[in-house]
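Enquirer: got a structure for you, letters missing:
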């Protein structure tokens, strides 16, 4: 039960549930341990789960025709990750989702989520709030990619997500921000020199 505490706290920040409702909600999740570099989602397979990170770090990415990797999302403690298009429509995934550290996740499968939402409007409200926040975040990122320089995007990410910036490999962060690893190295070095 101890490892379900982060999810319970996460839920309580968004909706109010009584003890029976909390128990019913978390009973739909299974605890899974994932090794570093292990995939929890791969292209061409239907994503079975929506994943809540209890401990660890994940990266979702796509591979272009030339073999170039593009990071779509990161997830650390208290975040969710999946190939949402594949999960929501129960179609084959287009992304890889890989653990960047040994991790612990709580997983809910598609059918269980649908049953939860049908059984209690509070559960549906929770998932709606998550979807709205996710959409707003994606929109902010899209606008940032279209209107800000690479340096501004890097600075914004480093300030807002310091924990992630220090935990993920440089190549993954560079691909997330739409720049080469070499360019990111230059940015990091120039920022270090400015601070000293």
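Expert: Thanks, I have the structure now. Just so it is clear, the structure is predicted and the values come from calculations on it, not from any experiment. Numbers count the residues shown, from 1 in each chain.

Enquirer: pull out the buried residues from the lengthiest helix in the chain.
Expert: Of all segments of type helix in the chain, defined using DSSP state H, the longest is helix 121-147. Buried residues in helix 121-147, counting neighbours by 16 or more other C-beta atoms under 10 Å, are found at 122-123, 126-127, 141. (Glycine included, C-beta is placed from N, CA and C.)

Enquirer: let's have those in JSON lines, adding distance to residue 43 and pLDDT.
Expert: Shown next, in JSON lines, are the buried residues of helix 121-147 (distance: C-beta to C-beta, whole Å; pLDDT from 0 to 100):
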{"residue": "122", "distance to residue 43": "35", "pLDDT": "97"}
{"residue": "123", "distance to residue 43": "30", "pLDDT": "97"}
{"residue": "126", "distance to residue 43": "29", "pLDDT": "97"}
{"residue": "127", "distance to residue 43": "25", "pLDDT": "96"}
{"residue": "141", "distance to residue 43": "22", "pLDDT": "91"}
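
Enquirer: looking at those, which is nearest residue 74?
Expert: Residue 74 has its nearest neighbour among the buried residues of helix 121-147 in residue 141, at 11.4 Å by C-beta to C-beta.

Enquirer: circling back: show me what the longest helix of the chain is packed up against.
Expert: helix 19-26, helix 110-119, helix 150-160 (3 or more C-beta pairs under 8 Å, 6 or more residues apart in numbering; DSSP states H and E).

Enquirer: and these as a markdown table, adding distance to residue 44 and mean pLDDT?
Expert: Output for these, formatted as a markdown table (distance: least, C-beta to C-beta, whole Å; pLDDT from 0 to 100):
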| stretch | distance to residue 44 | mean pLDDT |
| --- | --- | --- |
| helix 19-26 | 31 | 96 |
| helix 110-119 | 17 | 97 |
| helix 150-160 | 30 | 91 |
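
Enquirer: re earlier: what inclination does the longest helix of the chain have with respect to helix 19-26?
Expert: Relative orientation of helix 121-147 and helix 19-26, computed by axes from the mean of the first three to the mean of the last three C-alpha atoms, to 10 degrees: 50 degrees.
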